[in-house]
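> Sequence and predicted structure are below.
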Amino acid sequence: MSIDFTPDPALYPFASRWFGGSRGRMHYVDEGEGPPILLCHGNPTWSFLYRDIIVALRDRFRCIAPDYLGFGLSERPDGFGYTIDEHARVVGEFVDHLGLDGYLTMGQDWGGPIGMAVAVERADRVRGIVLGNTWFWPADTLAMKAFSRIMSSPPLQHAIVHRNFFVERLIPAGTERRPSEAVMAHYRAVQPDAKARLGVAQMPKQILAARPLLERLARDVPAKLGAKPTLLVWGMKDLAFRPGPTLPRMRETFPDHVLVELPRAKHFIQEDAPDAIAAAIIERFG
């Protein structure tokens with residue numbers, strides 16, 4: 001199925017582009033000129049999450065933001081399992097299709113593991129790394145394991161699929177100020193019904209189910225990407241990726257890093273602090 005929704009050009013002033021990959025038709029934006037930066041979203045968001053960052057960067061960078069299959073304006077293809085492995089393979093195919101070289105990769109939430117899975121296989125083409133409120137190793141805290149188990153349970157899966165729980169509850173909970181109704185409408189419009197939400201419902205299961213991939217990344221990211229110049233932009237009020245347990249491992253993995261703390265930002269840092277993030281990217285990589 002495809003999504004019949006036209007974003008408001010006042011909020012999302014970008015041309016829609018399409019990649020006809022092997023698994024389905026993927027929507028993306030490709031704005032601006034300069035060094036390419038691949039912007040990888042998490043759950044339950046889409047390229048819309050990066051809208052203000054793209055506007056701030058497109059004078060200096062070529063900003064490429066895909067919607068994973070099952071998210072945003074991309075197709076929900078029959079037979080696609082929405083596993084993190086599958087998403088990473090599709091995004092990798094997309095990066096190869098665009099011929100990206102010397103690219104920056106930015107990931108938040110599941111955008112971290114997906115972007116890192118793509119990058120470790122193309123390390124010679126990666127110029128630098130931007131990570132915020134994410135991870136790339138097997139779930140190692142009680143909170144992450146509990147979140148995965150609870151969100152995978154039948155009652156919560158029903159709430160995600162039939163009541164759009166991730167959009168209606170977790171986006172407002174994960175932002176410093178509840179997004180405007182116009183912004184919330186853009187998150188709702190791309191998850192219009194139960195079939196459209198299968199990708200969103202699968203991702204919390206993947207926190208535990210994707211352990212083999214995450215174990216691989218825990219080895220490969222330090223080995224293949226650890227020497228890359230890195231920017232860490234961290235929402236310090238995030239309850240999902242608390243700075244205390246997460247930042248030391250990030251800092252150890254990437255010795256050549258700059259850390260920019262976003263003191264009031266919660267989980268969805270692109271909603272809470274887009275200007276600070278864009279300024280940090282320009283400062284580090286512009």
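Ah, there it is.
> Which pLDDT value goes with the closest residue in space to Gly72 that isn't next to it in sequence?
Nearest residue to Gly72 in three dimensions, chain neighbours excluded: Trp46, at 2.7 Å (C-beta to C-beta, 6 or more residues apart in numbering). Heads up, the C-betas are built off the backbone N, CA and C, glycines and all. With respect to pLDDT, Trp46 has a value of 98.
> gap between Trp46 and Pro35?
Remark: distance between Trp46 and Pro35 (C-beta to C-beta, to the nearest Å) = 23 Å.
> rewinding a little: tell me who's in contact with the residue nearest to Gly72.
Shown in contact with Trp46 (C-beta atoms under 8 Å, 6 or more residues apart in numbering): 67-68, 71-74, 187, 190.
> Tell me which residue lies nearest the centroid of the chain.
His41 (2.0 Å; C-alpha atoms, centre = their mean).
> Strands along this structure, start to end?
Applying DSSP state E to the chain gives strands spanning 17-20, 25-31, 36-40, 62-66, 103-109, 126-134, 230-235, 257-262.
> so which of the ones you listed comes closest to Arg178?
Of all the strands of the chain, it is strand 230-235 that lies closest to Arg178, at 15.6 Å by C-beta to C-beta.
> hmm, back to that, what does the residue nearest to the centre of the chain show for phi and psi?
phi -90, psi 170 (degrees, to the nearest 10).
> Give me the residues contacting stretch 213-221.
84-85, 88, 113, 116-117, 120, 136-139, 253.
> Select, from those residues, the two members most distant in space.
Going by C-beta to C-beta, the pair spanning these furthest: Asp85 and Thr253, at 21.4 Å.
> what's the neighbour count on the residue lying closest to Val118 once chain neighbours are set aside?
Distances taken as C-beta to C-beta, 6+ apart put Gly92 closest to Val118, at 4.6 Å, once the chain neighbours are dropped. Number of residues near Gly92 (other C-beta atoms under 10 Å) recorded here: 17.
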